[in-house]
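J.: Dropping a prediction and its sequence here:
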Amino acid sequence: NPQGGVDLEALRAAAGPDTAALMLTNPNTLGLFDPNILEITQIVHDAGGLCYYDGANLNAVMGVARPGDMGFDLVHLNLHKTFSTPHGGGGPGSGPVGCKDFLRDLLPAGHVEEGPDGLELRDPAGTIGSVKAFYGNFTVVVKALAYILTLGVEGIPQAAQGAVLNANYLREQLRGTYDIAYGDGPCMHEFVLTLEKLKKETGVSALDVAKALVDQGIHPPTMYFPLIVEEALMFEPTETESRETLDQAAEVLKAIRAQADTDPAALHAAPVTTPIGRPDEVQAARHPVLRYRPPEVRP
């Protein structure tokens, strides 16, 4: 809807007897907590569907708000985004899935439960059977558990509050310099800028700004996502960033914005301080080189 949340009328029109489930993040990818979340989940439940919580943005609300209280029936936790575990090129990922009690008997086989002689494996009554890699990457889950135990009952909500504070602080620093997408009220742990107007006026795109950040030693934010925002840059400062770091980032972004008016050609050429400038991303996607070959053996 115009506020960046779920369009309730569109949802009512889409929900019906064939509705199996709705998956949502809340807060959503715009960094906004949907004030209609209880009505959203009720619409799906009234249609006979389930509500599935994508835990990608749990970092904003962990220890503060529970997905189950929002009306969600199932949830997966992105351990790398919230609980300090590796992901992708940094190591194997893992995403544990939880559900409410009424779905418990339908879970995959092999639950660890307390028995008379200690821990034992039990199969839920209505299980679908075994699922490959059901226990996930064990060491990754242990890392997440260690992180949770280290933070404790007080540290977990403090981390969420710190992430929300940092995002709002940086967003307000940039307000007036860049256009904020759906930015009337406070954001959660992330916010999205739209450089649509900037590109029309100066020719400088979100990609140009991201590449210019590289020249300043700053890893660029997510580009061109979410897809509903033109020329999007999505900032997700974590709870561990200091005020000094956020101030530095804001100063650099303001300087880049000023340069867009005075020397846009320089931004089109960025980055100029790195060993590799701008790879041909289309060529790389269509003809990926998946292993290194020394120059003497290359065709």
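T.: Ah, there it is.
J.: what pLDDT does the residue nearest to residue 58 when sequence neighbours are not counted get?
T.: Spatially, and ignoring its direct neighbours in sequence, residue 58 is nearest to residue 82 (4.8 Å; CB to CB, 6 or more residues apart in numbering). Placement of C-beta: from N, CA and C, glycine included. Note on residue 82: pLDDT of 92.
J.: in the stretch 101-250 of the chain, which spans are strands?
T.: With strands called from DSSP state E, counting those that start in this stretch, the stretch 101-250 of the chain shows them at 111-115, 118-122, 179-180, 191-194, 222-223, 232-235.
J.: The second one pairs with which strands?
T.: When pairs are called by DSSP bridges, strand 118-122 turns out to pair with strand 111-115 (antiparallel).
J.: ok, back up a step: would you point to the one among the strands of the stretch 101-250 of the chain that's packed deepest?
T.: strand 191-194 (a mean of 24; mean count of other CB atoms under 10 Å).
J.: Extract the CA atoms of it and return them as PDB.
T.: The C-alpha trace of strand 191-194 is given here as PDB (Å, rounded to 0.1, in the frame of the first residue of the first chain):
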ATOM      1  CA  PHE A 191      15.800   1.600   5.500                       C
ATOM      2  CA  VAL A 192      15.700   2.100   1.700                       C
ATOM      3  CA  LEU A 193      16.700   5.100  -0.300                       C
ATOM      4  CA  THR A 194      15.400   5.800  -3.800                       C
END
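J.: What helices and strands are in contact with the lengthiest helix in the chain?
T.: Taking DSSP state H as the criterion, the chain has its longest helix at helix 138-174. If contacts are counted by 3 or more CB pairs under 8 Å, 6 or more residues apart in numbering; DSSP states H and E, helix 138-174 sits against helix 79-82, strand 191-194, strand 232-235, helix 243-262.
J.: hey, which of these is tucked in deepest?
T.: strand 191-194 (a mean of 24).
J.: which residues touch it?
T.: Residues outside strand 191-194 that contact it (CB atoms under 8 Å, 6 or more residues apart in numbering): 29-31, 167-168, 170-171, 174, 178-183, 206, 226, 229-235.
J.: mind giving me the domain split of the protein?
T.: 8-151, 153-271 (automatic domain parsing).
J.: nearest to residue 278, of those?
T.: Residue 278 sits nearest to domain 153-271 of all the domains of the chain, at 6.6 Å, using CB to CB.
J.: taking the mean pLDDT, what do you get for that closest one?
T.: 96.
J.: Same check on stretch 289-299?
T.: For stretch 289-299, the per-residue pLDDT averages 76.
J.: separation between the nearest residue to residue 34 once chain neighbours are set aside and residue 184?
T.: Excluding its sequence neighbours, the residue lying closest to residue 34 (CB to CB, 6+ apart) is residue 5, at 4.3 Å. Using CB to CB, to the nearest Å, residue 5 is found at 12 Å from residue 184.
J.: With neighbour numbers in mind, choose between those two.
T.: Taking neighbours as other CB atoms under 10 Å, residue 5 and residue 184 compare with residue 5 leading, 19 against 9.
J.: show me what contacts that one?
T.: Per CB under 8 Å, 6+ apart, neighbours of residue 5: 28, 32, 34-36.
J.: next one: residue 15
T.: 22, 43-44, 46-47, 49.
J.: Out of those residues, which comes closest to residue 198?
T.: Nearest to residue 198 among the contacts of residue 15: residue 22, at 34.6 Å, using CB to CB.
J.: Pull the residues that contact the helix or strand hosting that closest one.
T.: Assigned by DSSP states H and E, residue 22 falls within strand 21-24. Here strand 21-24 makes contact (CB under 8 Å, 6+ apart) with 6, 11, 15, 34, 40-41, 44, 49-54, 72.
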